[in-house]
Structures are given as structure tokens and as C-alpha cells.
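Undergrad: need the 3D shape of this:
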Amino acid sequence: MKRINQELGITTIVNLRHIDLTRQYAKRILGFRAGKLVFDGSIEKATDEVFADIYGRSIGKDKMLGVE
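TA: Below you'll find the model as predicted:
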């Protein structure tokens, strides 16, 4: 996906449920909960609190792959 976006300039939309991967690859996040948009912003603005709001609960290790 990264190559498609960066080298070819094609917008990609990816559904990631692992926050560490999201932070590693995303530039912009659209966060949905129960079918409603609850966040639309840059990765820099996507704090742990924002992710907790998106998921509707605190974030546990189940949402991490361990990728730094």
C-alpha cells in the first residue's frame, strides 16, 4: 500500500484495527464508531484519548501488534 500511495500517487484507503500500524503508516485517520464518523484528522492529532473515543473504551494490547 505504501508504494502505491508514495510512488504512484494513488490514494489508498485501508481499514486497520491495530493502532501501532496505523501510527506507522497513516497520514490521516477517519475514525468510525457505530457507523458514525467520530474523528477526522492527522496522525499527529490522533492521541491515545482519540483512539479510546473511536473504540468507545480504553485501548488494550489487543489493539497492538507490538510494531514500534
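Undergrad: ignoring the adjacent residues along the chain, who's closest to the most centrally placed residue in the chain?
TA: Centroid-nearest residue in the chain: Thr22, 4.0 Å away (criterion: C-alpha atoms, centre = their mean). Residue nearest to Thr22 in three dimensions, not counting chain neighbours: Leu16, with 4.7 Å by C-beta to C-beta, 6 or more residues apart in numbering. For the C-beta atoms, the positions are set from N, CA and C on the backbone; glycine is no exception.
Undergrad: give me the pLDDT value at that neighbour.
TA: You'll see Leu16 listed with a pLDDT of 80.
Undergrad: equivalent analysis for Met64, please.
TA: 62.
Undergrad: secondary structure element holding Ile13?
TA: Following DSSP states H and E, one finds Ile13 outside all helices and strands.
Undergrad: got the contact list for it?
TA: Not one residue lies near Ile13 by C-beta atoms under 8 Å, 6 or more residues apart in numbering.
Undergrad: all strands for this structure, in order.
TA: 28-33, 36-42 (DSSP state E).
Undergrad: most packed of those strands?
TA: Mean neighbours per residue, mean count of other C-beta atoms under 10 Å, is largest over the strands of the chain for strand 28-33, with a mean of 14.
Undergrad: avg pLDDT for that strand?
TA: Mean pLDDT, strand 28-33: 90.
Undergrad: the residue located most distally from the centre of the chain and Arg23, how far apart?
TA: Distance from the centre of the chain peaks at Leu8, with 21.7 Å (C-alpha atoms, centre = their mean). Separation of Leu8 from Arg23 (C-beta to C-beta, to the nearest Å): 23 Å.
Undergrad: go on, Thr11?
TA: In this view, Thr11 and Arg23 are 19 Å apart by C-beta to C-beta.
Undergrad: these two - which one has more neighbours?
TA: Shown here are Thr11 and Arg23; by other C-beta atoms under 10 Å, Arg23 has more neighbours (17 against 7).
Undergrad: count the residues that sit near the closest residue to that one other than its chain neighbours.
TA: Spatial nearest neighbour of Arg23, excluding adjacent residues (C-beta to C-beta, 6+ apart): Ile43 at 6.1 Å. By other C-beta under 10 Å, the residues close to Ile43 number 13.
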